[in-house]
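Student: Give me the fold of what follows.
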Amino acid sequence: MNAVAAHTERASSPWAPFRRGTFAVLWTATVIANIGTWMYNAASGWLMTSLDPDPLIVSLVQAATTLPMFLFALPAGAIADIFDKRKLLIVVETATTAISAVFAALVWIGWATPGNLLLFTFLIGATGALTAPAWQSIVPQLVPKEDLQPAIAANSVGINISRALGPALGGLMIAGLGIAAPFWFNAISNLGIVGALVWWCPPPKSARRLPAERFVGAMAAGFRYARHNPHLRATLMRAVGFFLFGSAYWALLPLVARGQIVGGPQLYGILLGAIGAGAVGGAFALPWLKSKLGPDRLMAAGSLGTALALVFYGSAREPVLALAASFTAGASWIAVLSTLNVSAQVALPDWVRGRGLAMFVTVFFGAMTLGSAIWGHVAGLAGLPAAHFIAAAGALVAIPLTWRWKLQTGAKIDLMPSLHWPVPLTAHDIEHDEGPVLVTIEYRIDQSNRAAFLAAIAKLANERRRDGAYAWGIFEDAADPGRYLETFLVESWLEHMRQHERITNADRLSQEAVQKFQLEGAPKVTHFIAAI
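Tutor: Numbering: from 1, shown residues only. This is a model prediction of the structure:
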C-alpha cells in the first residue's frame, strides 16, 4: 500500500481522532460529564413529579433546560468568536460544577422545591448555553483537517452513549442511593472536564491582522450573516418545523412513565436510556441512509419516525410499547439532528462559525422550549395521549410545509478566505472608528447584457449585506447608457476592512460573474468617509 492510500485509509477511520491524545482525553472527560448531565435531567424530571405532578409544571423542567440555550446561545457564539475559547470553557465549567454542587446539597437536606428546582435547572442550562458554541468551535484545534469529520462523528456518538447510560444509571442510583445521588454525581463528574481543559495546551494563534470585534457588534454581525445566508436560513426553517413537535415526548416522558404506565424511576431511566441507545444505533446507519436518501429525504424519514414514536408513546400502557417508542424516537432524533447540524456547519465560514452555530442552537432550543410549554398545557387540558397524537400530526404536516427549504446546499461551496480584495489605497491613515464608509464601484456594460448583469449583481448584493453592508444599491446613469454605479454603506472603516477579510472563494466567483460584463478593464472602486 502506497503512502497516499495509507493516509486516506487512516483519515477515513472513525478511530483516527483518538490517536490525538488531547482529543481522546477531552472526549472521555466530556462523555463522563455528559453522563452526569443526563443523570441530572432524569433525576430532576422525576423529582418534579414528586414535588408537583401537574403536567404543565413537569413540562417546565424541560423548558427550563432548553430556554437558556434560546436566550444565551447567540451571545455565547459572539463570545466564542472573540475570546480565548479554552479560558472561557475553564471559567464556565468551573461555575457549572459549583452551581451543581449547591443544588445537590439542597436536595440532600430536603430543601428542594418546584421553584428552586426550576431555578437551578435554568442556571445549569445557562452555563451549558455559554459553552456550547465554544465546544463545537474547538474541534478543529484538536485534530488535523483530515480527521475533522470522524472527530465530529465521534463527538456525536459520545453524546448518545452518555444519553443511553446516564438516564438508566440515574434511575438505578435514585432507587439504590436516594434522589440526591444523581445530583452529586453530576457535580463531581464535571471536575474531569475542568482538569482536562487545564491540562490542554492549544497551539498559539496566529496574530490578528485587525482588532477583535466588540461584543455588541459581533452579535449584530451574527444576526446580519444569518439573515443574508440562504443556506443557513433554510436549515433554521427546517429546524423549527421539526423541534416544535419533536419536543413533546421529551417534555412528557416523566408523566408517561409515572402516570400512564405506572412505573418507577428505574423505568423512566430505562426509557431515556433507550432513546440514547436508539440514537447510537441510528448513528451507525446514517452513512448508508444518507447515501440512499440524501439530506432532505433523510430529514423527512426522521420526522416520520418521530411521529410514529409519538403515537406509540400516546398508546403505551405497558413498558414494551414505550420501549419501542424510545428506540424509534432515538434513531429518528439522531437522523434529524445530524442532518441539520451538518447543514449548518457547511453553510458557515470560520470567521462567523461560532455565531452561526449559536444561531442554530438558539432556534433549536427556542423551538424545544416553546414546544415543551405547549405540549404540557395541551396534556393538562386534553390528556397525555391526545397531546402525543396532536404532536405526531403536527410533525407530519410540517414535512410538506417546510419542504421548499433544502438542506446542505452549502456543501459544495468554497468558504475559505480568498484574500483577493486589495486593501484600499488612502492618502492618509484612517482611524478604525471613522465612518460611515461609502464604497462605490463603477461598471461599463454592453446594454445587450443588462438583464444578465443585474441578475448577477443581485446575488453579489446579498453577499455585501451578509459581510457588513447595511445599505446597498445599483444605479444606472440616465445620461450615459451602459454606465452603472454600485454603492454600499458600512458602519466604519474597521468594519469595511473586515469585509476584505471575510470574503470567501465563493464570493470571489460571484464578483467575477459580475465583472465579466465589464467592457473596459477592472471596475473602478472609490471609497468615501463621512466628513461630519
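Student: in the chain, which helix has the most residues?
Tutor: Longest helix in the chain, counting residues (DSSP state H): helix 265-315.
Student: All the helices of the stretch 151-300 of the chain, in order from the start?
Tutor: For the stretch 151-300 of the chain, the helices defined by DSSP state H, counting those that start in this stretch occupy 181-199, 215-227, 230-255, 265-315.
Student: same thing with the stretch 351-500 of the chain?
Tutor: 353-382, 384-401, 450-467, 493-502.
Student: mind giving me TSV with those and columns for distance to Arg20?
Tutor: For the C-beta atoms, the positions are set from N, CA and C on the backbone; glycine is no exception. Shown next, in TSV, are the helices of the stretch 351-500 of the chain (distance: least, Cβ to Cβ, whole Å):
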stretch	distance to Arg20
helix 353-382	20
helix 384-401	39
helix 450-467	33
helix 493-502	29
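Student: Export those as a markdown table, with columns for distance to Ala112, mean pLDDT and mean neighbour count.
Tutor: Listed next are the helices of the stretch 351-500 of the chain as a markdown table, based on distance: least, Cβ to Cβ, whole Å; pLDDT from 0 to 100; neighbours: other Cβ atoms under 10 Å:
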| stretch | distance to Ala112 | mean pLDDT | mean neighbour count |
| --- | --- | --- | --- |
| helix 353-382 | 20 | 86 | 23 |
| helix 384-401 | 25 | 95 | 19 |
| helix 450-467 | 47 | 91 | 17 |
| helix 493-502 | 49 | 86 | 21 |
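Student: Relative to Leu308, which of the ones you listed is closest?
Tutor: Between Leu308 and the helices of the stretch 351-500 of the chain, the shortest gap by Cβ to Cβ is with helix 384-401, which sits at 7.6 Å.
Student: That closest one vs helix 265-315, what angle?
Tutor: 60 degrees (axes from the mean of the first three to the mean of the last three Cα atoms, to 10 degrees).
Student: Please put the alpha-carbon coordinates of helix 384-401 into PDB.
Tutor: Coordinates of each C-alpha in helix 384-401 appear next as PDB, following Å, rounded to 0.1, in the frame of the first residue of the first chain:
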ATOM      1  CA  LEU A 384     -51.300  12.700  27.700                       C
ATOM      2  CA  PRO A 385     -52.500  10.500  24.700                       C
ATOM      3  CA  ALA A 386     -54.100  13.400  23.000                       C
ATOM      4  CA  ALA A 387     -51.000  15.600  23.400                       C
ATOM      5  CA  HIS A 388     -48.800  13.000  21.800                       C
ATOM      6  CA  PHE A 389     -51.300  12.300  18.900                       C
ATOM      7  CA  ILE A 390     -51.600  16.000  18.100                       C
ATOM      8  CA  ALA A 391     -47.800  16.500  18.200                       C
ATOM      9  CA  ALA A 392     -47.500  13.500  15.800                       C
ATOM     10  CA  ALA A 393     -50.000  15.100  13.400                       C
ATOM     11  CA  GLY A 394     -48.000  18.300  13.500                       C
ATOM     12  CA  ALA A 395     -44.700  16.600  12.800                       C
ATOM     13  CA  LEU A 396     -46.300  15.000   9.700                       C
ATOM     14  CA  VAL A 397     -47.800  18.300   8.400                       C
ATOM     15  CA  ALA A 398     -44.500  20.100   8.900                       C
ATOM     16  CA  ILE A 399     -42.800  17.900   6.300                       C
ATOM     17  CA  PRO A 400     -44.600  19.300   3.200                       C
ATOM     18  CA  LEU A 401     -44.900  22.800   4.700                       C
END
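Student: Now do that helix: which elements does it pack against?
Tutor: In terms of contacts (3 or more Cβ pairs under 8 Å, 6 or more residues apart in numbering; DSSP states H and E), helix 384-401 is packed against helix 230-255, helix 265-315, helix 353-382.
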